[in-house]
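Asker: take this sequence and fold it.
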Amino acid sequence: MTDTFPFELREDEIDKSVTQFLRTTQEIVFQKKIKNPSGAKAKKLQYEIIDTNLYEPPARMGACRIKRNRFEAWIRALGILYYEHFRKKAKLYQIDWYDEPHQLESEGNKSICIDLINNKQLLYKITLFITTGVLQAQGLSKDFFTTREFPTLIALVNSVCAKKSYISQA
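Answerer: Numbers count the residues shown, from 1 in each chain. Just a heads-up that it's a prediction; the model follows:
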């Protein structure tokens, strides 16, 4: 384990390319501009910073906003940590990754969802709202996400962004 990448992630083993992902979903998912969130609390969200005091404790939720020019890097970082590492390599959790609605071409708010499950119990759900650029984690173990996994995701995003060849224009 390193300070930059906990969970036994080694930077030299990480495929930071988003080319395959972008080829299959870029036209469907990524509009040129992200809409502003409409909810009162969502309007207060900061970019890539989770304010743990924004939501009341019973909500069990933490959230932030993602800038359009880092959106693809965030999706790749989520894929690296949750799909490739937790699900495939470490086999620590059951990871369910899905789109809502299941056909992203349909109208309405679109999101990418990741359910983190351990011993058949949902620890938390990550939702990345494509329409607004809001990333939220909600569930019993959201504090684990905000204190441990979110900093890892930020480090992964920064590492992926270092490969500037694919980053879209803001």
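Asker: can you give me the helices for the protein?
Answerer: Using DSSP state H, the helices found in the chain span residues 19-29, 71-78, 142-144, 150-161.
Asker: lowest average confidence across those, which one?
Answerer: Per-segment mean pLDDT for the helices of the chain reaches its minimum on helix 19-29, at a mean of 46.
Asker: quick one: the strands in this structure?
Answerer: Remark: strands assigned in the chain by DSSP state E are 61-65, 94-100, 111-118, 121-129, 134-138.
Asker: what inclination does the third one have with respect to helix 71-78?
Answerer: So that's strand 111-118. Counting by axes from the mean of the first three to the mean of the last three CA atoms, to 10 degrees, strand 111-118 points 20 degrees away from the direction of helix 71-78.
Asker: please renumber so the chain begins at 353
Answerer: Happy to do that; since the first residue is 353 now, the last one works out to strand 463-470.
Asker: what residues are up against the residue nearest to Asp448 when sequence neighbours are not counted?
Answerer: Among residues not flanking Asp448 along the chain, Asp467 sits closest, at 4.1 Å (CB to CB, 6 or more residues apart in numbering). From N, CA and C alone the C-beta is placed, and that goes for glycine too. By CB atoms under 8 Å, 6 or more residues apart in numbering, the contact set of Asp467 is 446-448, 474, 477.
Asker: from Glu400, how far off is Asp467?
Answerer: 22 Å (CB to CB, to the nearest Å).
Asker: good, we can wrap up now.
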